[in-house]
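Visitor: this one's sequence-less:
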DNA sequence: ACCTGAACACCGTTCAAGT
DNA sequence: ACCTGAACACCGTTCAAGT
């Protein structure tokens, strides 16, 4: 056919991106392939390589969008709470809800490994840092006498913890399936951690 | 060639399994392929399907071995400690050390998704339960007045937490790389959790 | 200039045919 | 009986050639 400029570069990029997202939502990471994406938008495989370097690059940009949506969600529950502990529990709830609602895209963020030649780009690291910053802000009021480093450590411990519980739930390793028990476990983790953290 | 019974079924199975493990150790999950395994043992691809149902089945058995090795390691540090808190911290240390030492095989245990038609077999679930049992035993002395369910929950919260920190470290999401900081974060998570847990 | 489509080097899985 | 090897239906990626 050789359809000349039916779509601009930008349009094409957006078409590829959202078609790929659709496939991930429906068939998960392992169901994604360049050929399926191309078929979905009515172009040839080769066309994808005009707007993305390769499949890894495409996945990176899908994941970036997922992190953006997650950050937006987490930001929304910011002002709703005066109690710092409640705020952190709420952040956690939002995170778990997000993971449960959109498991395939959420999982892909953590299933995708960066190769050694193509490391995580700075703009992508920034998106992750932004998420940790929210948690750090939440901890701040509970850690008045702590150094920045200590707060950063606590945020990573808590968030790693919540994340791990989500992962184990996803892989059915907890044999405590269901969103409710993930919420319960995470809330228990955070509550007890904070109780210990603020007891000093 | 048609090499008749050069090797027994059992021998063949073991050859496939350990050749596959070698490839995972060197090239990680994504580097594993049926054809590479076959080439490594000097057989044809088709032969693999005489001793394993498919690649998923092969992976399952590699993962089972990894869980066995991990359990052995964790069991070893059992009697060394009288203090329950120290024992849990030690279990955690062993876990992180194991993950750091053999990251590819460790990661494959959690990267492998069970499909909906082929669910996790009972004998495999048993291996996971056995690991949680060790953690539960560790918590027991610290939770005299707690129900079995509560102890089981605490074990899952703690272990999920440690696991999450390992995962985020593996994917460089924590930007707090290195085994030492993983140890530090995990120890902080457990210590504070237990402080809160035993404060009631 | 834009996109194709065929080629290349890979996959997992099956199964008739050879020894 | 045991294993092969060719076939099938897929992959990601490249790039000369067509419009």
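Guide: Ah, there it is. Every value quoted in this text rests on a predicted model; they were computed, and no experiment measured them. Numbering: from 1, shown residues only, chains lettered A, B, ... in the order given.

Visitor: can you pull out the helices in chain A?
Guide: Per DSSP state H, chain A carries helices over the ranges A:9-31, A:34-41, A:45-51, A:55-76, A:84-101, A:103-111, A:122-139, A:148-170, A:179-197.

Visitor: can the first one be found next to chain B?
Guide: I take that to be helix A:9-31. Yes: using CB under 8 Å from any CB of the partner chain, helix A:9-31 reaches chain B at A:28, A:30. C-beta here means a position set from N, CA and C on the backbone, and glycine is covered the same way.

Visitor: How about that helix, which residues are buried there?
Guide: Of the residues in helix A:9-31, A:12, A:13, A:15, A:16, A:17, A:19, A:20, A:21, A:23, A:24, A:28, A:29 count as buried by neighbour count, 16 or more other CB atoms under 10 Å in any protein chain shown.

Visitor: give the contact list for the residue sitting nearest the centre point of chain A.
Guide: Closest to where the C-alpha atoms of chain A average out (CA atoms, centre = their mean) is residue A:67, at 4.4 Å. If you count contacts by CB atoms under 8 Å, 6 or more residues apart in numbering or on different chains, residue A:67 has them with A:109, A:124, A:127, A:128, A:131.

Visitor: Most neighbours among those residues, please name it.
Guide: Counting neighbours by other CB atoms under 10 Å in any protein chain shown, the top entry in the contacts of residue A:67 is residue A:109, with 22 neighbours.

Visitor: Next one: that one from DNA strand C, what distance?
Guide: From residue A:109 across to DNA strand C, the span is 24 Å (CB to the nearest atom of the strand, to the nearest Å).

Visitor: Setting the sequence-adjacent residues aside, check what's closest to that residue.
Guide: By the measure of CB to CB, 6 or more residues apart in numbering or on different chains, the closest residue to residue A:109 outside its immediate chain neighbours is residue A:63, 4.7 Å from it.

Visitor: Per-residue pLDDT of that neighbour, please?
Guide: Residue A:63 carries a pLDDT value of 98.

Visitor: list the contacts for the nearest residue to residue A:9 once chain neighbours are set aside?
Guide: Leaving out its chain neighbours, the residue that sits closest to residue A:9 by CB to CB, 6+ apart is residue A:51, at 6.4 Å. By CB under 8 Å, 6+ apart, the contact list for residue A:51 reads A:9, A:12, A:13, A:16.

Visitor: got these as JSON lines, with pLDDT and distance to DNA strand D columns?
Guide: Shown next, in JSON lines, are those (pLDDT from 0 to 100; distance: CB to the nearest atom of the strand, whole Å):
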{"residue": "A:9", "pLDDT": "91", "distance to DNA strand D": "16"}
{"residue": "A:12", "pLDDT": "96", "distance to DNA strand D": "14"}
{"residue": "A:13", "pLDDT": "97", "distance to DNA strand D": "15"}
{"residue": "A:16", "pLDDT": "98", "distance to DNA strand D": "12"}
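
Visitor: Which members of those are the farthest-apart pair?
Guide: Within the contacts of residue A:51, A:9 and A:16 form the most distant pair, 10.7 Å apart (CB to CB).
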